[in-house]
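Colleague: model this:
(one chain, ligands or ions: 2)
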Amino acid sequence: MKTKDIIERSRKFIVPYRVTDGKKFRLKDVDPDDTGEVSAEDKPLAKEMLEAGVEVLADLQDVLYAQDQWSILLIFQAMDAAGKDGAIKHVMSGVNPQGCQVFSFKSPSSEDLKHDFMWRCLKCLPERGRIGIFNRSYYEETLVVRVHPELLAKQKIPRQLITKNVWEERFDDIRNIEQYLSRNGVVIRKFFLHLSAKEQKKRFLARLDNSAKNWKFSSADAQERGFWKEYMKAYEDMICNTATEDAPWYVVPADNKWFTRVVVAAVVIDAMASLDLKYPEVSEAKRQELEIAREHLIGKDDL
Ligand code: ATP
Ligand code: MG
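Modeller: Ligands and ions are numbered 1, 2, ... in the order given. Take a look at the predicted model:
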């Protein structure tokens, strides 16, 4: 399949999952088990799509890096075991590691807590020409911190600044920062890998049953599962309030890992393909310099 066709197909493929205006978004309208127009029997086709997509992605990244103007920020949020790590690993498998960096954000350190809530993430933003991946992000400050208000109480924010509007204010600040970044050439794409509680249970049990997967299980994960409803409410509110044209959310069905990966790859391809990416033009002076070097190598190089 030609690159042009893969880009075209990616574009169509992602439409059902994109949220750019959260006003009407309801999480219950997205089925975590959805596989779009690809049936489970078409899995090999999906695998092929992913492989072709990964190649296109690698080519696009090469130009992104050479042009050195835009940067891509991919933000991943999800409940435990939704497949963030796997999606990142598979989708980015073909790209040049020099042009790509992944940052994982866990519970904030004491240094993090000495700063504003976005500080630790903003210092990890991708340089121009690079792809930056946030495995969790400042959005946790509207998720885990919202579900567990005691975490907010532990932060060192002056008390009089924490009012009942705190979440709205955080959404407002995030929207503003993301708009600022977009205006500076950072292309933001946000993913919520939408897993069902049933599938999470299955994956947790697999982690317990398989000794090679034991390390992935933590009892804290199982505890968080107890707050499922609260998390879903927080996720929905977060998407409703921070989905914009410049920084859309993609709510990706996550019960089928193979499908999640195809959608994520398609989103990244679409994001890069919609930029005016081209290799830098060589100036006349540079062209002459190259010509002289060629003559030198052909004529005098007798090593
Ligand atoms: P995996 O479980 O697949 O290894 P993970 O992203 O879940 O990956 P963990 O080390 O299990 O990594 O968990 C990170 C934890 O840190 C999550 O429970 C998350 O909610 C928490 N966390 C992230 N950011 C914040 C924050 N700002 N405040 C409090 N907790 C946070
Ligand atoms: Mg975890």
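Colleague: Pull up the residues of the protein that are close to ligand 1.
Modeller: Residues of the chain found near ligand 1 (CB under 6 Å from any ligand atom) are 80, 85, 104-108, 135-136, 140-141, 144-145, 151, 218. In this view, the C-beta of every residue, glycine as well, is placed from N, C-alpha and C.
Colleague: which of these sit farthest apart?
Modeller: 85 and 151 (23.4 Å; CB to CB).
Colleague: returning to that earlier point: helices - which of the residues of the chain next to ligand 1 land there?
Modeller: Of the residues of the chain next to ligand 1, the ones assigned to helices by DSSP state H are 85, 144-145, 151.
Colleague: For residue 249, give the beta-bridge partners.
Modeller: residue 19, residue 190 (DSSP bridges).
Colleague: Which secondary structure element is home to residue 278?
Modeller: In the assignment (DSSP states H and E), residue 278 maps to no helix and no strand.
Colleague: ok, it touching residue 60?
Modeller: No. Using CB atoms under 8 Å, residue 278 is not in contact with residue 60, being 11.1 Å away.
Colleague: Which one's more surrounded, these two?
Modeller: residue 60 (22 against 10; other CB atoms under 10 Å).
Colleague: burial measure for the residue of the stretch 201-303 of the chain found nearest ligand 1, as a count.
Modeller: Going by CB to the nearest ligand atom, ligand 1 is nearest to residue 218 of the stretch 201-303 of the chain, at 5.9 Å. Applying other CB under 10 Å, we find 11 residues neighbouring residue 218.
Colleague: Equivalent analysis for residue 219, please.
Modeller: Neighbours of residue 219 (other CB under 10 Å): 7.
Colleague: got it, and the one 10 residues further on?
Modeller: When neighbours are defined as other CB under 10 Å, residue 229 has 10 of them.
Colleague: Quick one: distance of the host helix or strand of it to the chain centre.
Modeller: Secondary structure assignment for residue 229, by DSSP H and E: helix 228-242. Centre-to-centre, helix 228-242 and its host chain are 17 Å apart (CA atoms, centre = their mean, to the nearest Å).
Colleague: For residue 23, give its distance to residue 244.
Modeller: 11 Å (CB to CB, to the nearest Å).
Colleague: With neighbour numbers in mind, choose between the two.
Modeller: residue 244 (19 against 8).
Colleague: For residue 265, which non-adjacent residue is closest in space?
Modeller: residue 53 (4.0 Å; CB to CB, 6 or more residues apart in numbering).
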